[in-house]
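A.B. asks: coords below, sequence missing:
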């Protein structure tokens, strides 16, 4: 795998797309953040399980927080010191797993 | 289920037991907190899956954060406005799921 390169915020935002539900946050060189709400804990954890499998397959793991029906996901690339293309790809792949 | 009663910190600490790895934190009326480390994400998420099933069975859900091999768990009882017996029981049950 090539060394991950840090994207500038405007690059990240452009790659995410205009209608993206991911926020580009100026924290630790840049992180992507999205909150996803579900009907209940069972639905939230089912989603988390799918994201966990995705993370293992890509060897790129989210930082995430869960409280009942809420999942807060943070993506960043430590070796890039901020947001890299891997985070953008992961964000798009996670979006595919959000029901609805 | 009886209404959950808020425990005083000294009561919570006594019920947890002297060797408990849970911290009693003065936050939002009181929360219990424990961090568990694993070899990798796969082990961490396997543990989270078991805790998720436990949480559903007891209808008492943790607030938790995961980053790769680390799981931070916070327990509190909203309706009690702090730590209740349900959190103590959950803490003991979670301890049983920690490998080693």
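C.D. replies: Received, thanks. This is a predicted model, so every value here is computed, not measured.
A.B. asks: CA atoms for contacts and neighbours, from now on please.
C.D. replies: OK.
A.B. asks: got the angle for the longest helix anywhere in chain A vs helix B:41-58?
C.D. replies: As assigned by DSSP state H, the longest helix anywhere in chain A is helix A:41-58. Using axes from the mean of the first three to the mean of the last three CA atoms, to 10 degrees, the direction of helix A:41-58 lies 170 degrees away from that of helix B:41-58.
A.B. asks: what are the contacting residues of helix A:41-58?
C.D. replies: A:37-38, A:61-62, A:67-71, A:94, A:97-98, B:41-42, B:45, B:52, B:56, B:61 (CA atoms under 8 Å, 6 or more residues apart in numbering or on different chains).
A.B. asks: tell me which of those fall in helices.
C.D. replies: Reading helices off the contacts of helix A:41-58 with DSSP H, I get A:94, A:97, B:41, B:42, B:45, B:52, B:56.
A.B. asks: could I get those residues as TSV with distance to residue B:89?
C.D. replies: Listed next are the ones in helices among the contacts of helix A:41-58 as TSV, based on distance: CA to CA, whole Å:
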residue	distance to residue B:89
A:94	34
A:97	34
B:41	26
B:42	26
B:45	22
B:52	15
B:56	14
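A.B. asks: contact residues of chain A facing chain B?
C.D. replies: Neighbours of chain B within chain A, by CA under 8 Å from any CA of the partner chain: A:41-42, A:45, A:52, A:56, A:61-68.
A.B. asks: now with 7 Å, please.
C.D. replies: Residues of chain A lying close to chain B (CA under 7 Å from any CA of the partner chain) are A:61, A:62, A:63, A:64, A:65, A:66, A:67, A:68.
A.B. asks: how about the residue in chain A positioned nearest to chain B, secondary structure?
C.D. replies: Going by CA to the nearest CA, chain B is nearest to residue A:65 of chain A, at 4.3 Å. Following DSSP: H, G, I helix; E, B strand; the rest coil, the label given to residue A:65 is strand.
A.B. asks: picking up where we left off before, hmm, which two among the residues of chain A next to chain B are most spread apart?
C.D. replies: A:61 and A:68 (20.8 Å; CA to CA).
A.B. asks: more crowded one of the two?
C.D. replies: residue A:61 (24 against 20; other CA atoms under 10 Å in any protein chain shown).
A.B. asks: I'd like the distance between that one and residue B:100.
C.D. replies: 24 Å (CA to CA, to the nearest Å).
A.B. asks: next: residue A:55.
C.D. replies: For residue A:55 relative to residue B:100 (CA to CA), the value is 25 Å.
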